[in-house]
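Undergrad: Build me a structure from this.
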Amino acid sequence: MQPSMSRRPSFLALARRAWLRRCGAALALLAGLHLVAGAQGAPPPGARLQEGPIRFGILPLGGAFESRNDWEPLLADLARTLNRPVSVLSVTSYDALDQAIRKNQVDMAFLSGKMALEAVTQYGMTVVAQVTRHDGLPGYRSLLLLRKGGQATTLEGVLSQPERLRLARGESKSVSGFIVPQLQLFLPNHIAMETRFKSEFVGTHQATALAVANGDADVATNNTADLERFKLQFPSEYERLIIVWQSDLIPHAQIVMRRDYPPEFQKKVQTFLTAYGKTPGPRGDAERAVLKSLHDLAGFLAADNASLLPAARLAHQLARQSAMNAQWVNDEARANRLAKVDAEYAQQAAALRNGSN
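TA: Predicted coordinates for the structure are as follows:
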């Protein structure tokens, strides 16, 4: 018969448990005192906007660490101009940034397309500037990438048998990584990106390009701006890629900030952005170098919510295309859905044109 493993606790064990209980009680008391003090000393509504740090959110276009490093010099200049600290929120996914905006954890942000549109129309933000690039074009293009010598080497090969291929794409809120290729390429060919491919990997533009270059995926969405950056960072991997499709021009990203900041403060931020990189001499040279590291930006233009009208049109077109391709119980149900989509777009466009949200 095996001896029992149960035994009475020793004196040392009992003493240790009592000590832990006393420590736990003390910590709980300290935590409670901290919470009470925090509640009693809480700043009045709006005080954080007037005095606290400005929390700047960044889209994860490359990697979170890389994006943070690229933006920090510009944001340090902004902090000095405003005499206010600026903290950086650099995330690993669109969803993470979207959640932070929903929870009111972001005061300013670099956003594009659907995310900028939702921030303005749903979450109390307003557009103050729009980025520009050295090529002078009013936008960039979505791309479809394949690997040289891969399973598919032509666009026709992708569209004819998508179920044989592994897809690497952007998140559902990514304009060039999902929305535009879905709208302009795949849905018109009766292919839903989320369901028709053999498998899918969702990530940043850098990650999707690497996936195809390294043979972990067969086809990837990307865009012209990020692929240029990819070429500089990963030249050997870039040489393995081929571009088989490109979209119409997509408007550049915007800088948005909370609408409840005072108008004069919003104007001060806008003035800083639009002047950045335009000063002659060493200071301007340093600022232009910072802009170049930010996806080869030329600078910023003053903008308002009307600059989001192209993004609203894209969202509307995708909603209509999705409704047309969906299965419905009858034609009336489809017509009702399309009418709702059109009405929502008309209301949204009117609000953007009027500057209201």
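Undergrad: list the helices and strands the one helix or strand residue 95 maps to packs on?
TA: Using DSSP states H and E, residue 95 sits within helix 94-102. Helices and strands touching helix 94-102, by 3 or more CB pairs under 8 Å, 6 or more residues apart in numbering; DSSP states H and E, are strand 54-58, strand 108-111, helix 113-122. For glycine as for every other residue, the C-beta is placed from the backbone atoms N, C-alpha and C.
Undergrad: how about 7 Å then?
TA: strand 54-58, helix 113-122 (3 or more CB pairs under 7 Å, 6 or more residues apart in numbering; DSSP states H and E).
Undergrad: gap between the first one and the chain center?
TA: What that stands for is strand 54-58. 12 Å (CA atoms, centre = their mean, to the nearest Å).
Undergrad: now the angle between helix 94-102 and that strand, please.
TA: 160 degrees (axes from the mean of the first three to the mean of the last three CA atoms, to 10 degrees).
Undergrad: Now tell me what touches whichever helix or strand comes after strand 54-58 from outside.
TA: Going down the chain from strand 54-58, the next helix or strand is helix 64-82, by DSSP H and E. Residues outside helix 64-82 that contact it (CB atoms under 7 Å, 6 or more residues apart in numbering): 56, 58, 60-61, 85-86, 88, 90-92, 268, 272, 276, 290, 293-294.
Undergrad: how about helix 64-82: buried residues?
TA: 64, 66-68, 70-75, 77-79, 81 (16 or more other CB atoms under 10 Å).
Undergrad: Between the residues you listed, which sits nearest residue 338?
TA: residue 67 (38.2 Å; CB to CB).
Undergrad: And the pLDDT at the closest one?
TA: We note a pLDDT of 74 for residue 67 in this prediction.
Undergrad: re earlier: tilt between the helix holding residue 95 and helix 113-122?
TA: Using the same axes, to 10 degrees: helix 94-102 against helix 113-122 is 20 degrees.
Undergrad: Pull out the buried residues from helix 94-102.
TA: 94, 97-98, 100-101.
Undergrad: can I get the residues you listed in JSON lines with pLDDT and distance to residue 351?
TA: Output for the buried residues of helix 94-102, formatted as JSON lines (pLDDT from 0 to 100; distance: CB to CB, whole Å):
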{"residue": "94", "pLDDT": "85", "distance to residue 351": "23"}
{"residue": "97", "pLDDT": "91", "distance to residue 351": "23"}
{"residue": "98", "pLDDT": "91", "distance to residue 351": "20"}
{"residue": "100", "pLDDT": "93", "distance to residue 351": "24"}
{"residue": "101", "pLDDT": "94", "distance to residue 351": "18"}
